Structure formats: C-alpha cells, structure tokens
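[1] Sequence plus the predicted model coming up.
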Amino acid sequence: MKIYIQSNNFNKIGALVSKYSFQKFNPEYPIDLINMEDYKKLMNSHMKIFYRSKNECYWRKDLHQSFFPTRFFAPEKSNYEGWCLVVDPDIFAMKDISSIEQYINDETPICCYYDKSSYHTSMMLLNNTKLKNWNEEYVVNFMFHDKKNFDDLILLKNLSTINNTDVKQIPRKYNQLNTYHDDTIMCHMSRTNKQPWKTGIKYCKCELHNSKKCKKCNVSKVFGKFPDKKCETYFFQLAHEAYTAGYFTRPEIDEAIKNKWIRKDFYEIMTKSQNN
C-alpha cells in the first residue's frame, strides 16, 4: 500500500507535517505528495464554473482548499496498480495505521468513512485496478466541460464507474474530525477557518468555499483559534519533529509566513512545543 497526501503550495508545510506523521509510525509504507500545481489541465481551469448540487461554484487555484479535486488523481499516479491511501493535507497519523489493511480485498474499489448522510472522501483507501478512469482528464471534464454535479463524485453519490454498494464503510477512528480519542488512528483537523497553522491570518470571505473572487476584496476576517487545544499541541509537536528531521527548512517556513500560508508565529510556537 502506498500513501498519497493531496496538497498545494498553500498547504505544503502542513502536508509535510502529515507526511512525517505517517512515516513516524509506518516507515514501511512509501509516501508521496500529490501537488496540485503539477497538473496543467487543472491549473488551466482557474475561475471556471462547476456545480455542487444546484449551486454555481468557482474553482480557484489561488485558494487554500483548491487541492480538493486531486484526491481522484491517486489511481493514475499509482499507474492503476495495487492499493493506495489518499488523504487531505490536514490529516495526521496518531499511531500505527496498518490495521486499515484489513479492509483491503480484491472486489472493493473504495473504502472510506460514512456518517449516515455522505461518504467522507478526504480519506480513501483505493483499489487502483478498479478505478482506471480516475485521472486528471476525467475530473477536469467532469467538473468543467460536462458540468456534472461534483457532489456525485466528491460525496460518491452517483457514479457511472462504481455502484455505491461497492463502497466499503470503515470506522470513524480512521478519519476522526477535529479531536482525538484513545482509539483514534488518524486525526483530521478539518475546520478550514480555524486550523492551528492559520490562526491570526486575515482573509476575505470570498477565499473560502469556492466563491467567486470579489471585485474588491475586504480582508476583514481572521482565521480563528482551533477549538481543541490537544489537537493544536499535537500538530505543533509533530511539526517540530518534522522540522528537526529535515522535512522542511527555516527558509521554507519564512516563505510560507510571507505568503500568508501559515501563521506569523509558527516557528516560535513550533519550537516551544518540544517542552510541552
């Protein structure tokens, strides 16, 4: 099994912390980033319209969350061979994840968490051999040319390639949202307006949720403090370990701060976390 972390330049530091967390507990798994900026067809779709349900949305390459279509590029990146785990850049391993392999079988194309209303594709275990049309071209056509309802894909609601009954449900502990418990295996810090590494950064309301860019942005909103202190502490402890292990450098931190991708006191908080 290979692990992929979907990301973009905005989330590079967080994605590298995520990468470190998985390699810390499971160094036997090969792991790689899926960088949004590497995909020309998607990048050329800046400001194009797509639909979620009946809502008109705009895909913008200049937003923090713009990486979301790349989760469906993992089978192509795997050459449609074997199984892979694909996660958002704000998902972090809490312990050995190898127990997830119990859900692997030759017949199932997709495994992910289901919460009684929708599938959570932010973390998917994929049988690449059964998803041979999941690639950049397919997704770009689905979103922007055919203008299909993207909820059918990102929520696995109605796909021609699979039957929903073929999606195997796996427990919440593999995609625990915004907190963690003793049995949590992966923690997903999904509060996009309050993630620990963004606290204090100012932004315009149009910079979230696939909105059309304002004619004149009003940068009056501020990314808030993450509500779960233990998650915040865990993230910065991981970040310090990743930094010490050489996953990213001080100049890369400074660049991310300059571009307002991470909070301005990131380095100081990360350094202090080693004493917690």
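    Great, that's in hand. Here the structure is a predicted model, which is why all the values come from computation and not from measurement.
[2] so what pLDDT did the closest residue to Ala245 other than its chain neighbours get?
    Spatial nearest neighbour of Ala245, chain neighbours left out: Tyr20 (6.4 Å); criterion: C-beta to C-beta, 6 or more residues apart in numbering. Backbone N, C-alpha and C define where each C-beta goes, glycine included. With respect to pLDDT, Tyr20 has a value of 98.
[3] Please enumerate the helices of the stretch 1-150 of the chain.
    Assignment of helices within the stretch 1-150 of the chain using DSSP state H, counting those that start in this stretch yields the ranges 12-25, 40-43, 74-77, 136-140.
[4] Quick one, which of these gets closest to Glu101.
    helix 12-25 (13.7 Å; C-beta to C-beta).
[5] and that closest one, what other elements does it pack with?
    strand 2-7, strand 31-35, strand 91-93, helix 229-244, helix 250-258 (3 or more C-beta pairs under 8 Å, 6 or more residues apart in numbering; DSSP states H and E).
[6] And the helices in the stretch 151-276 of the chain?
    151-154, 229-244, 250-258, 266-272.
[7] do you know which of the ones you listed lies nearest Glu56?
    Nearest to Glu56, of the helices of the stretch 151-276 of the chain and by C-beta to C-beta, is helix 151-154 at 13.2 Å.
[8] Grab the most central residue of the protein for me.
    The centre of the chain sits closest to Asp88, judged by C-alpha atoms, centre = their mean, with a distance of 1.5 Å.
[9] how near is that residue to Cys217?
    In this view, Asp88 and Cys217 are 25 Å apart by C-beta to C-beta, to the nearest Å.
[10] Check this structure for its longest strand and report it.
    In the chain, with assignment by DSSP state E, the single longest strand is strand 119-127.
[11] Low-confidence regions, the stretch 101-250 of the chain specifically.
    159-165 (pLDDT under 70).
[12] at 80 what do you get?
    Where the stretch 101-250 of the chain drops to pLDDT under 80, the residues are 158-165, 208-209, 211-220.
[13] before we move on, the earlier item: who touches the residue nearest to the centre of the chain in this structure?
    5-6, 67, 71, 122-123, 188, 190 (C-beta atoms under 8 Å, 6 or more residues apart in numbering).
[14] ok, Leu33 touching Lys19?
    Yes: the criterion here is C-beta atoms under 8 Å, and Leu33 meets it with Lys19 at 6.9 Å.
[15] Tell me which of these two has more neighbours.
    Lys19 (24 against 21; other C-beta atoms under 10 Å).
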